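Structure for this input, please:
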Amino acid sequence: MDDSAIKARIKARREALDIPQEKMADRLGIARNTLANIEKPLDKKGSTRITNVHLPDIARELLTSEEELILGFMPCHPADKNTLEEAREGYLAREKSIKDDYEDRLAASRELIDALKNNIVDLKKLLDEKEQQIAQLKKRRKS
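Model (predicted):
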């Protein structure tokens, strides 16, 4: 258990909920200095190590769980596994749909590019024919 990270999460959560140290300490039934020392990083003088005795009460007052204070996130409960699996399947289906759409658009773009290349070839042939006709007309005109 990383006390420094837990201490930082406790302090950040308390501040996010806008709970003054004095009020929080009063709710926990401890002195404000004790709470201040709990929140202090371990390398600071007067720091108090987090104990399992205070953690459940701290979590309750901060409207969170012990796990979230310790881990930094709420772990997945077995009951949530189905929900997570459904979400995963939904994301995979969406990914496949986006990929299929991309492949379809890419194929259509390639077809359009091929058609445009053919048009360019046809236009070049037409231009060559017109230039030949112009050259013949110029020749006739001179003669």
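
Need the pLDDT of the residue positioned nearest the centre of the chain.
The residue lying closest to the centre of the chain (Cα atoms, centre = their mean) is residue 91, at 13.3 Å. At residue 91 the predicted local distance difference test score is 92.

One more: residue 1?
In the prediction, the pLDDT value recorded for residue 1 is 54.

Please write out the alpha-carbon positions of the helix or strand of the chain with the lowest mean pLDDT in CSV.
Within the chain, confidence by mean pLDDT, DSSP states H and E is lowest for helix 66-71 among all helices and strands, at a mean of 86. This file holds the C-alpha atoms of helix 66-71, laid out as CSV (Å, rounded to 0.1, in the frame of the first residue of the first chain):
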residue,chain,number,x,y,z
GLU,A,66,-11.4,2.4,0.5
GLU,A,67,-10.5,0.6,-2.7
GLU,A,68,-10.7,3.9,-4.6
LEU,A,69,-8.5,5.7,-2.1
ILE,A,70,-5.9,2.9,-2.1
LEU,A,71,-5.9,2.0,-5.8
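
Buried by neighbour count: which residues of that helix qualify?
Judged by neighbour count using 16 or more other Cβ atoms under 10 Å, the buried positions of helix 66-71 are 69-70. C-beta here means a position set from N, CA and C on the backbone, and glycine is covered the same way.

from the chain's centre, how far out does the helix or strand just after it sit?
Using DSSP states H and E, the helix or strand that directly follows helix 66-71 along the chain is helix 81-142. Averaging C-alpha positions (Cα atoms, centre = their mean, to the nearest Å) puts helix 81-142 34 Å from its chain's average.

How is residue 30 classified with respect to secondary structure?
Of the three states, residue 30 takes coil according to DSSP: H, G, I helix; E, B strand; the rest coil.
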